[in-house]
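In: fold the following for me, if possible:
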Amino acid sequence: MSTYFADDPRTNLERMLAGDLYIADDPAIAHRVQNAMRLAARYQAACLEDPVKARPILEELLASVGEGVEVRPPLYVDYGSNITIGARTFVNYNLTALDVARITIGEDCQIGPNVQLLTPTHPVEPQPRRDKLEAALPITIGNNVWLGGGVIVCPGVTIGDNSVIGAGSVVTRDIPADVVAVGNPARPIRDI
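Out: Model (predicted):
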């Protein structure tokens, strides 16, 4: 670790939060991941009994949850604390939101089942222990966006308001507002 950050006095957690390269298996980071997993498990169990009573657990897990948001468990996050969901958004089963960086989901969105929002990145140039280094880029999903089932959104992507991303698409670049985009990589095919 010292060869990577010899001149950087910050902790790996501080580097991560700044969006810089960091060592992912740091104990302080692992503690936050464990806490998020516990809260996600509690949320899932509480939803089975009473979704209304589960809401405070979701609010504890995520940075911000708008009015009228419904998130169907299971929900998988790295930290939860970097995720905001706007009012009246519906999230179907099995959302995986790797929130090493900020993930912003706008208002009135529809998120299909098995969607993945992936902010982590890894170096691609050869170096020792490169598998231990990560960084992240934020994801922003505008208002009134529909992500079909199985959509994957890659690091650093912004999806504009009122857009639809077809089921199974892989979004590797920004998508403008008011379009339907499909494919791997996702490309706009028509205006809305």
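In: state the helix or strand in which residue 54 lies.
Out: helix 51-61 (DSSP states H and E).
In: next, the buried residues of that helix.
Out: 54, 55, 57, 58, 61 (16 or more other Cβ atoms under 10 Å). Glycine gets a C-beta too; all of them are placed from N, C-alpha and C.
In: swap in stretch 85-94?
Out: Buried residues in stretch 85-94, counted by 16+ other Cβ under 10 Å: 85, 86, 88, 89, 90, 91, 92, 94.
In: check stretch 6-18 too.
Out: 12, 15, 16, 17.
In: try stretch 43-52
Out: For stretch 43-52, by 16+ other Cβ under 10 Å, it's 43, 46, 47.
In: the last one: what's it in contact with?
Out: The contact partners of residue 47, taken as Cβ atoms under 8 Å, 6 or more residues apart in numbering, are 54, 72, 73.
In: any idea how far it is from residue 75?
Out: According to Cβ to Cβ, to the nearest Å, residue 47 and residue 75 sit 9 Å apart.
In: now do the first one
Out: Residue 43 sits at a distance of 7 Å from residue 75 (criterion: Cβ to Cβ).
In: what do those two both touch?
Out: Common neighbours of residue 43 and residue 75 (Cβ under 8 Å, 6+ apart) are residue 61.
In: sorry, back to before: from the contacts of residue 47, which single one is nearest residue 25?
Out: residue 73 (26.8 Å; Cβ to Cβ).
In: tell me the pLDDT of that closest one.
Out: Note for residue 73: predicted pLDDT of 97.
In: run through the residues that contact the residue lying closest to it once chain neighbours are set aside.
Out: The shortest distance from residue 73 to any non-neighbouring residue, by Cβ to Cβ, 6 or more residues apart in numbering, is to residue 44 (3.7 Å). Going by Cβ under 8 Å, 6+ apart, residue 44 touches 73, 74, 75.
In: skip the chain neighbours and tell me the closest residue to the second one.
Out: The shortest distance from residue 74 to any non-neighbouring residue, by Cβ to Cβ, 6+ apart, is to residue 44 (5.3 Å).
In: extract the C-alpha trace of the longest helix seen in the chain and format it as PDB.
Out: Longest helix in the chain, counting residues (DSSP state H): helix 27-49. What follows is helix 27-49, C-alpha atoms only, in PDB (Å, rounded to 0.1, in the frame of the first residue of the first chain):
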ATOM      1  CA  PRO A  27     -11.000  -2.200   7.500                       C
ATOM      2  CA  ALA A  28     -12.800   1.100   7.800                       C
ATOM      3  CA  ILE A  29     -14.400   0.600   4.500                       C
ATOM      4  CA  ALA A  30     -15.300  -3.000   5.300                       C
ATOM      5  CA  HIS A  31     -17.100  -1.800   8.500                       C
ATOM      6  CA  ARG A  32     -19.300   0.500   6.400                       C
ATOM      7  CA  VAL A  33     -20.100  -2.300   3.900                       C
ATOM      8  CA  GLN A  34     -21.000  -4.600   6.800                       C
ATOM      9  CA  ASN A  35     -23.300  -2.000   8.300                       C
ATOM     10  CA  ALA A  36     -25.000  -1.500   4.900                       C
ATOM     11  CA  MET A  37     -25.500  -5.300   4.500                       C
ATOM     12  CA  ARG A  38     -27.100  -5.500   8.000                       C
ATOM     13  CA  LEU A  39     -29.500  -2.700   7.200                       C
ATOM     14  CA  ALA A  40     -30.400  -4.100   3.800                       C
ATOM     15  CA  ALA A  41     -31.200  -7.500   5.500                       C
ATOM     16  CA  ARG A  42     -33.200  -5.800   8.200                       C
ATOM     17  CA  TYR A  43     -35.100  -3.900   5.500                       C
ATOM     18  CA  GLN A  44     -35.900  -7.000   3.600                       C
ATOM     19  CA  ALA A  45     -37.100  -8.800   6.700                       C
ATOM     20  CA  ALA A  46     -39.200  -5.900   7.800                       C
ATOM     21  CA  CYS A  47     -40.800  -5.600   4.300                       C
ATOM     22  CA  LEU A  48     -42.100  -9.200   4.700                       C
ATOM     23  CA  GLU A  49     -44.000  -8.100   7.800                       C
END
